[in-house]
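Engineer: no FASTA, just this:
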């Protein structure tokens with residue numbers, strides 16, 4: 001990635017709808033040259049173009065969940081189980097006291113609580129030696145998050161949990177997983 005690539009990416013981060021012609025003017029290239037550079041960055045995985053959603057506009061609440069899995073194998077199983085969760089916006093392995101961090105979102109505090117202590121929580125999974133959860137008050141930065149929307153709804157969540165039999169869902173304390181037909185929230 002050279003200086004021109006960085007300028008193009010920075011400009012796209014400011015305004016993802018800027019035209020190739022305007023991008024080219026800002027770096028001294030034709031629109032064809034800009035397209036070729038961006039296609040290369042996309043192809044080699046250096047960049048991805050996506051639509052992020054406004055956390056404040058959707059009244060999104062976030063939680064950072066720290067996990068110490070009992071083994072490397074169990075850590076990999078947790079990652080595999082939760083990687084497709086529509087409420088997961090970031091997941092990373094860690095070095096230190098905890099070996100996994102997840103940033104999860106929900107539309108209200110009650111649903112977020114379900115994600116922190118409920119059946120579908122990372123913390124309640126087999127092989128979790130210890131965990132911590134930190135609930136955020138406000139999303140300060142970035143204002144837009146990579147929240148995944150699910151159009152095709154299923155009976156079972158990507159983490160293999162059935163929301164319709166969950167006590168928190170049945171008692172109106174959780175909106176359910178956005179990937180299921182039981183979901184009753186705005187996403």
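Structural biologist: On my side now, so go ahead. Keep in mind it's a predicted model, so treat the numbers as computed, not measured.

Engineer: buried ones in stretch 20-36?
Structural biologist: Neighbour-count burial for stretch 20-36 flags 20, 23, 24, 27, 29, 34 (criterion: 16 or more other CB atoms under 10 Å). The way it works is simple: take the backbone N, C-alpha and C, and place the C-beta from them, glycine included.

Engineer: scratch that, stretch 94-106
Structural biologist: 98, 99, 100, 101, 102, 103, 104, 105, 106.

Engineer: got a pLDDT number for the first one?
Structural biologist: Just to be clear, that refers to residue 98. On pLDDT, residue 98 comes in at 97.

Engineer: which of the three states applies to the residue lying closest to it once chain neighbours are set aside?
Structural biologist: The shortest distance from residue 98 to any non-neighbouring residue, by CB to CB, 6 or more residues apart in numbering, is to residue 66 (4.1 Å). Classification of residue 66 using DSSP: H, G, I helix; E, B strand; the rest coil returns strand.

Engineer: would you agree residue 66 is in contact with residue 101?
Structural biologist: Yes - if you go by CB atoms under 8 Å, residue 66 and residue 101 touch, sitting 5.6 Å apart.

Engineer: if we can go back for a sec, in the sheet, who's paired with the residue nearest to residue 98?
Structural biologist: residue 101, residue 132 (DSSP bridges).

Engineer: now do the contacts for it.
Structural biologist: Residues near residue 66 by CB atoms under 8 Å, 6 or more residues apart in numbering: 94, 98, 100, 101, 131, 132, 133, 134.

Engineer: report the two of those separated the most.
Structural biologist: 94 and 133 (14.9 Å; CB to CB).

Engineer: just want the most central residue of the chain.
Structural biologist: residue 89 (1.4 Å; CA atoms, centre = their mean).

Engineer: coming back round to it: which pair in the buried residues of stretch 20-36 spans the largest distance?
Structural biologist: 20 and 27, at 10.9 Å, using CB to CB across those.

Engineer: give the residues shared as contacts by those two.
Structural biologist: residue 34.

Engineer: give me the domain ranges for the protein.
Structural biologist: 3-43, 61-149 (automatic domain parsing).

Engineer: the longest one: end-to-end distance?
Structural biologist: Counting by CA to CA, to the nearest Å, the length from the leading to the trailing residue of domain 61-149 is 16 Å.

Engineer: any idea how far stretch 88-106 is from the middle of the chain?
Structural biologist: 11 Å (CA atoms, centre = their mean, to the nearest Å).

Engineer: now stretch 112-128
Structural biologist: Going by CA atoms, centre = their mean, where stretch 112-128 is centred and where its chain is centred differ by 17 Å.
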